[in-house]
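Novice: Okay, sequence plus prediction incoming.
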Amino acid sequence: MPDVKTDQIWKVRLGQRGPWRRVRVINVSLDAVELQYLDLPDAAPDLPRTFQTSRSRMLAKNGPYKFVANY
């Protein structure tokens, strides 16, 4: 499994049966990671397009994150 780095593409699933959504890694600082949804390019400014998680959560074996590709 690759390490979490800026400009990588990952997918995240909210809940065990939720749809997979693509995200891009915006910033990595120690264990803190900022992600941006890629499927909301024209979302209203008040909708959150970015969110934070931890690097350890992204790299967890059976976690809700999967590496896709480098951007």
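Specialist: Received it, and whenever you're ready, just let me know what you need. Here the structure is a predicted model, which is why all the values come from computation and not from measurement. Numbers count the residues shown, from 1 in each chain.

Novice: report the longest strand in the chain, please.
Specialist: strand 20-29 (DSSP state E).

Novice: any idea of the mean pLDDT in that strand?
Specialist: If you average the pLDDT over strand 20-29, you get 94.

Novice: Now do the strands in this structure.
Specialist: With DSSP E as the criterion, the chain has strands spanning 8-13, 20-29, 32-37, 50-54, 65-70.

Novice: and the longest strand of the chain, which strands flank it?
Specialist: Note on strand 20-29: by DSSP bridges, its sheet partners are strand 8-13 (antiparallel), strand 32-37 (antiparallel).

Novice: Residue ranges in the protein under the pLDDT threshold?
Specialist: Within the chain, the stretches with pLDDT under 70 are 1, 40-48.

Novice: If we use 90, what do you get?
Specialist: 1-2, 14-19, 37-50, 62-63, 70-71 (pLDDT under 90).

Novice: gap between the closest residue to residue 20 other than its chain neighbours and residue 29?
Specialist: Closest residue to residue 20 apart from its sequence neighbours, by CB to CB, 6 or more residues apart in numbering: residue 11 at 4.5 Å. Glycine gets a C-beta too; all of them are placed from N, C-alpha and C. Distance, residue 11 to residue 29, using CB to CB, to the nearest Å: 22 Å.

Novice: So which of those two has more stuff around it?
Specialist: Neighbours per residue (other CB atoms under 10 Å) separate residue 11 from residue 29, with residue 11 holding more: 15 against 9.

Novice: for the more buried one, what are its contacts?
Specialist: 20-23, 65-66, 68 (CB atoms under 8 Å, 6 or more residues apart in numbering).

Novice: Can you tell me how far it is from residue 30?
Specialist: Distance from residue 11 to residue 30, by CB to CB: 23 Å.

Novice: And for residue 53?
Specialist: Counting by CB to CB - residue 53 and residue 30 are separated by 13 Å.

Novice: Those two: which has the busier surroundings?
Specialist: residue 53 (19 against 7).

Novice: Beta-bridge partners for the more buried one, please?
Specialist: Beta-bridge partners, per DSSP bridges, of residue 53: residue 33.
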